[in-house]
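Asker: missing the sequence, but the structure's below:
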RNA sequence: GUGACUGUAGCUCAACCUGGUUAGAGCGUCGCCCUGUGGAGGCGAAUGUUGCGGGUUCAACUCCCGUCAGUCACCCCA
């Protein structure tokens, strides 16, 4: 047997306890907020038939993680969550109750060349509503998203909103270039359009046209919804040059930006995609929603200092004074644990007390229980607060009432 | 997928350009001072197949090729 180098695959990551706890924190808030708006969790398989993804969107299928399974079927790892959800709509159309609201937080896989913030397995967070054609649905999804960023503690998140229908006279290739305006500037956009075969005069006029688009009734409905939901005016904005270069985008389109983190790139974006749903599900169901980058959101929250410190999940460490008192320490830790408090018992009676305290200190465990012969004789324990250094004596029968 | 840069101790880096005896430092880790009390301090200790494989050479961390991984740009981003 050869020795295997301990290493994750290119673009794949481990999440050690601290990071895993942060991710769990984010996931919990996202789910919780979704559920307060009536959105239900949905999960779909990691593996789908390759045909589900291939050819549905765009012609480029190079980035699929695909292979043949043991039965010779062509399969692919989940490439996004929108397409499987459209499949669900086709498959369970009779059992779903419309309007159908769902959120989904699952890993997605793309065989991209990894860079910072760009991995081959990453978590995607989608919020969508199906069965409502009115812009009020788009507005609701935007409101839920903004609510999430508010609850996470961001000072401000901004929804940049536009309506793809207002660009009906502009060809898709031009839209895809205009979408890069912020990144490459006006000249870059025109240059790119020309490279794609659009003549200069037309390219310039497309850009001008888009830059001068005025908000329509649809945008107004969305703004009214957001205003009534209590979001102040600096949380949403009409952005005529926002294009979202997805061929299937239609109707309202929007992106979410966190100004205090990164003014120029979004943490997520959404659109209406009725036609895509019909194509995949063969059902006429309206649908709109947003895809949010889970990793990017966590990164922003960390940068803005919003993530609590997850040094240790334990509130209390019960030390073991000696082998003779091992059973006493077991009993003490269990009686604290009964109160639904995270307690760890130091797992080795041979280790000196100072080492045990050092361990508590390093792991960031706030309270330490010390029970030596003197304490046990008197039916008490010493409770030490590692943060303040204070130490008090507690009667054993009162330990269950302690608050940590 | 295309192009560029990087890879030395757990971490951040030095030595590489101009090949030459035992590859260094800081931080961290561990031990002791401290046999019933952590954070500070003092003293001491351990650690590297120089990412991996091959080539050139009397001699390779150093030069060359390949490979793996990371980073950046492009591409892409449902």
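Answerer: On my side now, so go ahead. Keep in mind the model is a prediction, meaning the values are calculated, not measured. Numbers count the residues shown, from 1 in each chain, chains lettered A, B, ... in the order given.
Asker: and the strands in the stretch 51-200 of chain A, which stretches?
Answerer: Ranges of strands within the stretch 51-200 of chain A are A:66-68, A:74-77, A:100-109, A:121-130, A:158-163, based on DSSP state E, counting those that start in this stretch.
Asker: pick the most deeply packed of these.
Answerer: strand A:158-163 (a mean of 24; mean count of other Cβ atoms under 10 Å). C-beta here means a position set from N, CA and C on the backbone, and glycine is covered the same way.
Asker: quick one: that one near RNA strand B?
Answerer: No - against RNA strand B, strand A:158-163 shows no contacts by Cβ under 7 Å from any atom of the strand, the least distance being 14.9 Å.
Asker: any idea which residue sits dead centre in chain A?
Answerer: Central residue of chain A (Cα atoms, centre = their mean): residue A:294, 2.6 Å from the mean position.
Asker: so the nearest residue to that one once chain neighbours are set aside bridges to which residues?
Answerer: Excluding the flanking residues, the one nearest residue A:294 by Cβ to Cβ, 6 or more residues apart in numbering is residue A:123, at 3.7 Å. Beta-bridge partners for residue A:123, by DSSP bridges, are residue A:107.
Asker: distance of residue A:123 from residue A:104?
Answerer: Remark: distance between residue A:123 and residue A:104 (Cβ to Cβ, to the nearest Å) = 10 Å.
Asker: so what sits against both of these two?
Answerer: Counting by Cβ atoms under 8 Å, 6 or more residues apart in numbering, residue A:123 and residue A:104 have no contacts in common.
Asker: just to revisit the earlier point, for the strands of the stretch 51-200 of chain A, give me JSON lines that also has mean pLDDT.
Answerer: Listed next are these as JSON lines, based on pLDDT from 0 to 100:
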{"stretch": "strand A:66-68", "mean pLDDT": "89"}
{"stretch": "strand A:74-77", "mean pLDDT": "92"}
{"stretch": "strand A:100-109", "mean pLDDT": "96"}
{"stretch": "strand A:121-130", "mean pLDDT": "96"}
{"stretch": "strand A:158-163", "mean pLDDT": "95"}
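Asker: nearest to residue A:23 among those strands would be which one?
Answerer: Closest to residue A:23 of these, according to Cβ to Cβ: strand A:121-130, at 7.7 Å.
Asker: mind checking the SS state of the closest residue to residue A:125 other than its chain neighbours?
Answerer: Nearest residue to residue A:125 in three dimensions, chain neighbours excluded: residue A:292, at 4.3 Å (Cβ to Cβ, 6+ apart). Following DSSP: H, G, I helix; E, B strand; the rest coil, the label given to residue A:292 is strand.
Asker: ok, residue A:292 to RNA strand B distance?
Answerer: For residue A:292, the distance to RNA strand B equals 10 Å [Cβ to the nearest atom of the strand, to the nearest Å].
Asker: list the contacts of that residue.
Answerer: Each residue near residue A:292 by Cβ under 8 Å, 6+ apart is listed here: A:124, A:125, A:126, A:127, A:145, A:256, A:267, A:268.
Asker: hmm, 10 Å instead?
Answerer: By Cβ atoms under 10 Å, 6 or more residues apart in numbering, residue A:292 lies in contact with A:30, A:103, A:105, A:123-127, A:145, A:148-149, A:256, A:266-270.
Asker: what bridges to it?
Answerer: Judged by DSSP bridges, the bridge partners of residue A:292 are residue A:125, residue A:268.
Asker: do you know the pLDDT at it?
Answerer: pLDDT, residue A:292: 95.
Asker: and for residue A:2?
Answerer: 48.
Asker: repeat that for residue A:198.
Answerer: According to the prediction, residue A:198 has pLDDT 88.
Asker: and if you look at the one 10 residues further on?
Answerer: The score at residue A:208 is 92. That number is its pLDDT.
Asker: shouldn't it be within a strand?
Answerer: No - judged by three-state DSSP, residue A:208 forms no part of a strand; its state is helix.
Asker: residue contacts, it?
Answerer: Counted by Cβ under 10 Å, 6+ apart, residue A:208 has contacts residue A:186.
Asker: mind checking how far it is from residue A:178?
Answerer: From residue A:208 to residue A:178 the distance is 11 Å (Cβ to Cβ).
Asker: what do you get for residue A:371?
Answerer: Distance, residue A:371 to residue A:178, using Cβ to Cβ: 70 Å.
Asker: again with residue A:339
Answerer: For residue A:339, the distance to residue A:178 equals 60 Å [Cβ to Cβ].
Asker: repeat that for residue A:378.
Answerer: The gap separating residue A:378 from residue A:178 is 78 Å, by Cβ to Cβ.
Asker: who has more neighbours out of those two?
Answerer: Between residue A:378 and residue A:178, counted using other Cβ atoms under 10 Å, the more crowded position is residue A:178 (26 against 11).
Asker: low-scoring pLDDT stretches of chain A, where are they?
Answerer: For chain A, applying pLDDT under 70 flags the ranges A:1-4, A:55-62.
Asker: can you give me the helices in it?
Answerer: A:17-36, A:50-53, A:82-91, A:135-152, A:172-178, A:181-195, A:200-211, A:217-228, A:274-281, A:294-303, A:326-337, A:353-363, A:373-377 (DSSP state H).
Asker: residues from the stretch 301-404 of chain A in reach of RNA strand B?
Answerer: A:321, A:352-355, A:357-358, A:360-362, A:370, A:372-375, A:382, A:384, A:386-387, A:389, A:391.
Asker: ignore the last one, the stretch 101-250 of chain A
Answerer: Residues of the stretch 101-250 of chain A found near RNA strand B (Cβ under 7 Å from any atom of the strand) are A:112, A:113, A:114, A:115, A:116, A:117, A:183, A:192, A:245, A:246, A:248.
Asker: out of the residues you listed, which is most surrounded?
Answerer: Counting neighbours by other Cβ under 10 Å, residue A:246 comes out on top of these with 20 neighbours.
Asker: most remote residue from chain A's center?
Answerer: Of all residues in chain A (Cα atoms, centre = their mean), residue A:377 lies farthest out, 52.4 Å.
Asker: if I look at it, how far off is residue A:396?
Answerer: When Cβ to Cβ is the yardstick, residue A:377 and residue A:396 sit 11 Å from each other.
Asker: what of residue A:122?
Answerer: 50 Å.
Asker: repeat that for residue A:297.
Answerer: To residue A:396, residue A:297 is 46 Å away according to Cβ to Cβ.
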